[in-house]
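*Asks:* sequence first, predicted model second:
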Amino acid sequence: MASEIDLQTWQRAVAGGIPSELPQHPGITSGIPHAPKRNHQLQPAEKRLALENALRYIPAMWHETLAKEFLAELENDGHIYMRRFRPTYRMYAHPLEHYPCRCKQAGVIMLMIQNNLDPAVAQFPEELVTYGGNGTVFQNWVQYLLVMHYLSEMTDHQTLVMYSGHPLGLFPSHPDAPRVCITNGMMIPNYSSKTNYDRMYALGVTQYGQMTAGSYAYIGPQGIVHGTTLTVLNAARKYLGTQGPTIPGRVYLSAGLGGMSGAQAKAGTILQGISVIAEINEAALMKRHRQGWVTDVARDLPTVDRLVREARAQQRSLSVGYLGNVVDLWEHYAQLAERGEHVVDLASDQTSLHNPYGGGYYPVGLSFDEANRMMVENPALFKEKVQESLRRQVRAINTCCQHGVRFWDYGNAFLLEASRAGAEIMNPTGSGFRYPTYFEEFMGDIFSMGFGPFRWVCTSGLESDLLETDRIAAEVLTSLMEEARRAAHLEADFRTRLIQQYQDNLHWIQQAHANRMVVGSQARILYSDERGRMAIGLAFNQAIKEGRLTAPVALSRDHHDVSGTDSPYRETSNIKDGSQFTADMAVQTFLGNGFRGATWVSLHNGGGVGWGEVMNGGFGLVVDGTDDAARRAAAMLSWDVNNGVARRAWSKNECARYAIARAMDADPNLRVTLGEKVAANVLDALHL
């Protein structure tokens, strides 16, 4: 632990804002992943505007020096990161008590921001990218300095307004208002195109916040590992007929270990199965290996084969990170399948295909460095290579699936981009794609029942606090499961599914510590429904009040949740009334959370499937042992789930109808509109 004088020096640096003297340039750190150059294609007048936009943050006395430096960044990086102002102190989530702040809630947000930029957590930390290739916390380092300064001075009668990374300022509000209100990438709909994004990001006027990157709520790859585990587990149950919470001897194949996708390898070992994950970026692969999320590294295909065969023979869990291109891996397994050797059971892909030509997908036949150069020097050829690679990958997938492999799209726009590349991805016997999405196939009904990725962060930084929250959550789930077993009045199939969810999630939380998932802050992910989230949040608040937890807890969730995201090819792909292309749900969730007591709220254009393809929002809610925190948690957590369940019920999802009816029974103040079922013969008679 740092000495008191070191702590004071750090506190002054964190709260100081833009320094009074021009800092020495810290350089670009070698040995860590860096973002590829962004393709902005700005014209000279637009470059001038980008520089003017950047320099307005900077004292005028430094403009002449920094104008040349910022232009060099724009030319070399495709974006002005203001690297000179990157802090030299170590970036990580400190204990809450260390943060220099007048308002405890602001201190929690400072902690969450630093966790998002921790090199152990972030994909490209020096370019302020947390995950997904372009999921950005801020556009530049001066924005970071200003935000931390504002938060250090904020009172609970102020709200910090954030426009796509830009701190507009502190505005008067009140204690129940959000301390921070964030929007990322909000566009006039007609201008929400990828080309416009590249241009406006280079100009410094918008950013791609992904989901939890721009909302300061990322908790490392753990943030998606529970959902990934549930997806693979339910795929095995559906396709392979497995029972119970594990899949020993079964092989899962995919790609991507850089950001959220890093969860795939861990999910395989949690399920006691075998996962083989391709990753082209050696730095990203070795980072996951050091963190224990990948058990073995293979640099060639014979090594992959040997490791998998040994693990299958011994029925032991294994996660192999293959340093190479996923297309080579798929073509290898296609050749084995045609020779009669069945290796892979389940498969998907988690490359960042929402950004296929900007570093989200690397074409076969090129090294990582060669691809990064071509991306900038010859983007047209790079696009051709990506699309050729997708066609080859799909051919190999089709061959493997003809021999028993089950493949699904993981919501990363794989099917969409493969179709745009002309791959044989469309259903040959009807409309639509040849393969399902994971949401339609496995997770849609789980969300419709109200279960989704709830999260929390122990701001003390103590593992002992995290263990206590695990114990509390397990108690809550046990109680809810017993209540569901006694609820004979519930529809039989819904009740069976409800009990299964509680069982799966109880098993998860009981094994969470042993699975060693913490990267960065002391955080946890747990799929939970409205009753579970409310009960857990209130129980945490009571534990803080009684001293069983030593510091406040920040509650949050992935935007990829019951109510948080409108995305017609992912989170709302099972909406069947034609409204899957509307975004009322995500916007209403954002608004409702804001006036029900959330500590911070966010609304984003873009997410896992791409700019202009999705609207999503999130929140953070601090519980600190006070009656006010309990009141806010009860109001906000109920709305945050039930808004989405009600919308899904209105769109004719049966699980959602049962779930919202159960919620209305529990709360007399909740009344939602339930549609009447329309008999098919009524419409058949119209001969439409």
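*Replies:* All right, it came through fine.
*Asks:* and for residue 290, the neighbour number?
*Replies:* For residue 290, the count of nearby residues is 10 (other Cβ atoms under 10 Å). (Glycine included, C-beta is placed from N, CA and C.)
*Asks:* give me the pLDDT value at it.
*Replies:* We have a pLDDT of 90 for residue 290.
*Asks:* got it, and the one 5 residues further on?
*Replies:* The confidence metric pLDDT takes the value 94 at residue 295.
*Asks:* who does the closest residue to it other than its chain neighbours form a beta bridge with?
*Replies:* Nearest residue to residue 295 in three dimensions, chain neighbours excluded: residue 319, at 4.8 Å (Cβ to Cβ, 6 or more residues apart in numbering). Note on residue 319: beta-bridge partners by DSSP bridges are residue 275.
*Asks:* residue 328 falls within a strand, correct?
*Replies:* No: remark: residue 328 does not belong to a strand; assigned using DSSP: H, G, I helix; E, B strand; the rest coil, it is helix.
*Asks:* and for it, the neighbour number?
*Replies:* Neighbours of residue 328 (other Cβ under 10 Å): 18.
*Asks:* just checking, it touches residue 299?
*Replies:* No: if you go by Cβ atoms under 8 Å, residue 328 and residue 299 don't touch, sitting 12.0 Å apart.
*Asks:* shared neighbours of these two, anything?
*Replies:* Residues touching both residue 328 and residue 299 by Cβ atoms under 8 Å, 6 or more residues apart in numbering: none at all.
*Asks:* on that earlier part again, tally up the residues packed near the residue nearest to residue 295, please.
*Replies:* Neighbours of residue 319 (other Cβ under 10 Å): 27.
*Asks:* wait, isn't it in contact with residue 265?
*Replies:* Yes: contact criterion Cβ under 8 Å: residue 319 and residue 265 qualify, at 3.7 Å.
*Asks:* what's the overlap in contacts for these two?
*Replies:* 275, 277, 293-295.
*Asks:* closest one of those residues to residue 8?
*Replies:* Nearest to residue 8 among the shared contacts of residue 319 and residue 265 is residue 293, at 35.9 Å by Cβ to Cβ.
*Asks:* pull the contacting residues for that closest one.
*Replies:* Neighbouring residues of residue 293 by Cβ under 8 Å, 6+ apart: 221, 257, 262-263, 265-266, 319, 519.
*Asks:* neighbours around the nearest residue to it once chain neighbours are set aside, how many?
*Replies:* Spatially, and ignoring its direct neighbours in sequence, residue 293 is nearest to residue 266 (4.7 Å; Cβ to Cβ, 6+ apart). For residue 266, the neighbour count with other Cβ under 10 Å is 27.
*Asks:* and residue 266, its phi and psi?
*Replies:* Dihedral pair for residue 266: phi -60, psi -40, per degrees, to the nearest 10.
*Asks:* pretty sure it sits against residue 225.
*Replies:* Yes: contact criterion Cβ under 8 Å: residue 266 and residue 225 qualify, at 5.2 Å.
*Asks:* what is in contact with these two at once?
*Replies:* Residues touching both residue 266 and residue 225 by Cβ under 8 Å, 6+ apart: residue 517.
*Asks:* give me the distance from the helix or strand containing residue 334 to the chain's centre.
*Replies:* Here residue 334, judged by DSSP states H and E, is contained in helix 326-338. Centroid separation for helix 326-338 versus its chain: 29 Å, with Cα atoms, centre = their mean, to the nearest Å.
*Asks:* what of stretch 298-314?
*Replies:* In terms of Cα atoms, centre = their mean, the centre of stretch 298-314 is found 30 Å from the chain centre.
*Asks:* buried residues in that stretch?
*Replies:* Across stretch 298-314, burial judged by 16 or more other Cβ atoms under 10 Å covers 298, 304-305, 307-308, 311-312.
*Asks:* of those, which belong to strands?
*Replies:* With strands defined by DSSP state E, the entries of the buried residues of stretch 298-314 inside them are residue 298.
*Asks:* going along the chain, name the strands of the stretch 301-450 of the chain.
*Replies:* Ranges of strands in the stretch 301-450 of the chain, per DSSP state E, counting those that start in this stretch, are 318-323, 346-347, 406-407.
*Asks:* contacts for the second one next, please.
*Replies:* In this structure, residues lying in contact with strand 346-347 by Cβ under 8 Å, 6+ apart are 232, 235-236, 239-240, 250-254, 397, 400, 405-408.
*Asks:* swap in 6 Å and give it another go.
*Replies:* For strand 346-347, contacts defined as Cβ atoms under 6 Å, 6 or more residues apart in numbering pick out 235, 252-253, 405-407.
*Asks:* for the helix or strand where residue 656 lies, packing partners?
*Replies:* Element membership of residue 656 [criterion: DSSP H and E] is helix 654-666. Judged by 3 or more Cβ pairs under 6 Å, 6 or more residues apart in numbering; DSSP states H and E, helix 654-666 is in contact with helix 444-448, helix 627-650.
*Asks:* between it and helix 627-650, how big is the angle?
*Replies:* Interaxial angle, helix 654-666 versus helix 627-650 (axes from the mean of the first three to the mean of the last three Cα atoms, to 10 degrees): 140 degrees.
*Asks:* may I see the buried residues of whichever helix or strand comes after helix 654-666?
*Replies:* As assigned by DSSP H and E, the chain's next helix or strand after helix 654-666 is helix 680-684. Residues of helix 680-684 classed as buried by neighbour count (16+ other Cβ under 10 Å): none.
*Asks:* repeat for stretch 329-337
*Replies:* Across stretch 329-337, burial judged by 16+ other Cβ under 10 Å covers 329-334, 336-337.
*Asks:* pull the residues that contact that stretch.
*Replies:* Stretch 329-337 has contacts (Cβ under 6 Å, 6+ apart) with 278, 301, 322, 343-344, 393, 396-397, 399-400, 403.
*Asks:* inside helices: which ones of these?
*Replies:* Mapping the contacts of stretch 329-337 onto helices (DSSP state H) picks out 301, 393, 396-397, 399-400.
*Asks:* mind putting these in JSON lines, distance to residue 386 and pLDDT included?
*Replies:* Shown next, in JSON lines, are the ones in helices among the contacts of stretch 329-337 (distance: Cβ to Cβ, whole Å; pLDDT from 0 to 100):
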{"residue": "301", "distance to residue 386": "22", "pLDDT": "97"}
{"residue": "393", "distance to residue 386": "10", "pLDDT": "98"}
{"residue": "396", "distance to residue 386": "16", "pLDDT": "98"}
{"residue": "397", "distance to residue 386": "16", "pLDDT": "98"}
{"residue": "399", "distance to residue 386": "21", "pLDDT": "97"}
{"residue": "400", "distance to residue 386": "21", "pLDDT": "97"}
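*Asks:* show the buried residues in those residues.
*Replies:* Those of the ones in helices among the contacts of stretch 329-337 that meet the buried threshold are 393, 396-397, 399-400, by 16+ other Cβ under 10 Å.
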